[in-house]
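Student: any chance you can model this:
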Amino acid sequence: MKTFVRVAFVIASAGCSAEVMVGPDGGGADAGPSGPVTLAFTSPAAGAHVTRGDLGTDGFLVAEVPVALAIGGAPARVVITRDQRVLATVGADGTAALELGERGAAALVAIAYDGDDRPVASAEVGIVVDDPAVASCHDWLELYGVDYTTGPDSPGVAEPVTATIPINGVAWRYVENENPRSTLFGDCDLIRSLAEAAPYLRRRGVVEVADIGVYNYRCIGGGTPPNCPNGISQHAYANAIDIAGVTYDGGATYASVLTDWVIDPDAQPTCSAATEPGKDTLLHELICELKAAGVWNIVLTPNYNGDHRNHFHVDLTPGGNTINREVGVDPRSDDGAPARHYH
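Tutor: Below is the predicted model of the structure:
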């Protein structure tokens, strides 16, 4: 006898939990000797807040979250996912231990599978991953395990630090050099942002980033502070870095912003435009993921204008929030010459 499908579609928001049962033929779930498979979260509670304060093996600061499920029936296996990534397999006792590294709202989804590896039930709970209460930027660097020294004092730089490379498992190399940097100078907040970017890079197999530099005490469009009609560049504060490309596939492949980024049609936002398979897709997905994660406030790609054809400019402009193009400017006009940085 078949027990026909009972569906309560899940809604990805804190406080929601739901159950889905699906039969082997897509219609109904066989009850079997143990009855239909059901799942429900008993821990964590919906809307719970957890704090990430430990450095995980993948480079994220993580919150350690114990999970407990009430499981009905006899599924072959049960996993816990976030954003369609499997985080853990649930034990026979209905428990699992998670490490959650991305801050903000987190929808945890438990999925049960039958012996043919077909999903037969699911449940969801929404929680929130918070940052730790940290007194200073230097404390952030300590949490990320960044090796650094303070200084040297430089005009415009509020908290100058010199970080040892690699930063959180990722090497940085000046684009014209063959070997990685041994150190990188910047404001503490910029170095922190590179530590925050590292796990996203590592998750995509990036082992090294090629850059065009950080600190340049100048105005936007040229000139020397403080006489800056167009404002002071974020490079003058050492709060910006220009990314020329990334090395991934265990060091075997290099994706260049200049040659591999395909400029998107004028009417399409950078992070929703169609991409060319391969390196163009990797570069788009990577920089858009980093912007969405709030690692940097301003991201200027080759879509923005011709002066940025050969790099991503990323910075920490207070209150800034953009990754799209400069209105009315054709980015295709540049010939790839060294950029005249606008920020």
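Student: show me where the protein has helices.
Tutor: 137-143, 188-203, 257-260, 279-292 (DSSP state H).
Student: export the ones you listed to a markdown table and append columns for mean pLDDT.
Tutor: Output for the helices of the chain, formatted as a markdown table (pLDDT from 0 to 100):
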| stretch | mean pLDDT |
| --- | --- |
| helix 137-143 | 97 |
| helix 188-203 | 97 |
| helix 257-260 | 98 |
| helix 279-292 | 97 |
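Student: show me what stretch 292-299 is in contact with.
Tutor: With contacts defined as C-beta atoms under 8 Å, 6 or more residues apart in numbering, stretch 292-299 is touched by 102-103, 193, 196-197, 200, 234, 271, 287, 290-291, 312-323, 343. From N, CA and C alone the C-beta is placed, and that goes for glycine too.
Student: now it: buried residues?
Tutor: For stretch 292-299, burial by neighbour count (16 or more other C-beta atoms under 10 Å) applies to 295-299.
Student: just flag the most distant two among these.
Tutor: Farthest apart among those by C-beta to C-beta are V295 and I298. That separation is 11.2 Å.
Student: tell me which stretches of the stretch 201-343 of the chain form strands.
Tutor: Per DSSP state E, counting those that start in this stretch, the stretch 201-343 of the chain carries strands over the ranges 208-213, 240-248, 253-256, 298-300, 312-315.
Student: the first one vs helix 188-203, what angle?
Tutor: Regarding strand 208-213 and helix 188-203, their directions subtend 150 degrees when assessed with axes from the mean of the first three to the mean of the last three C-alpha atoms, to 10 degrees.
Student: neighbouring strands of strand 208-213 in the sheet, and parallel or not?
Tutor: Here strand 208-213 has these sheet partners by DSSP bridges: strand 171-174 (parallel), strand 240-248 (antiparallel).
Student: make a markdown table out of the helices of the chain and add distance to T89.
Tutor: Converted to a markdown table, the helices of the chain look like this (distance: least, C-beta to C-beta, whole Å):
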| stretch | distance to T89 |
| --- | --- |
| helix 137-143 | 28 |
| helix 188-203 | 20 |
| helix 257-260 | 37 |
| helix 279-292 | 26 |
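Student: which one of the buried residues of stretch 292-299 is nearest A110?
Tutor: Closest approach between the buried residues of stretch 292-299 and A110, by C-beta to C-beta: V295, at 29.3 Å.
Student: show me which of the contacts of stretch 292-299 are buried.
Tutor: Among those, those that count as buried by neighbour count (16+ other C-beta under 10 Å) are 102-103, 193, 196-197, 200, 234, 271, 287, 290-291, 312-317, 323, 343.
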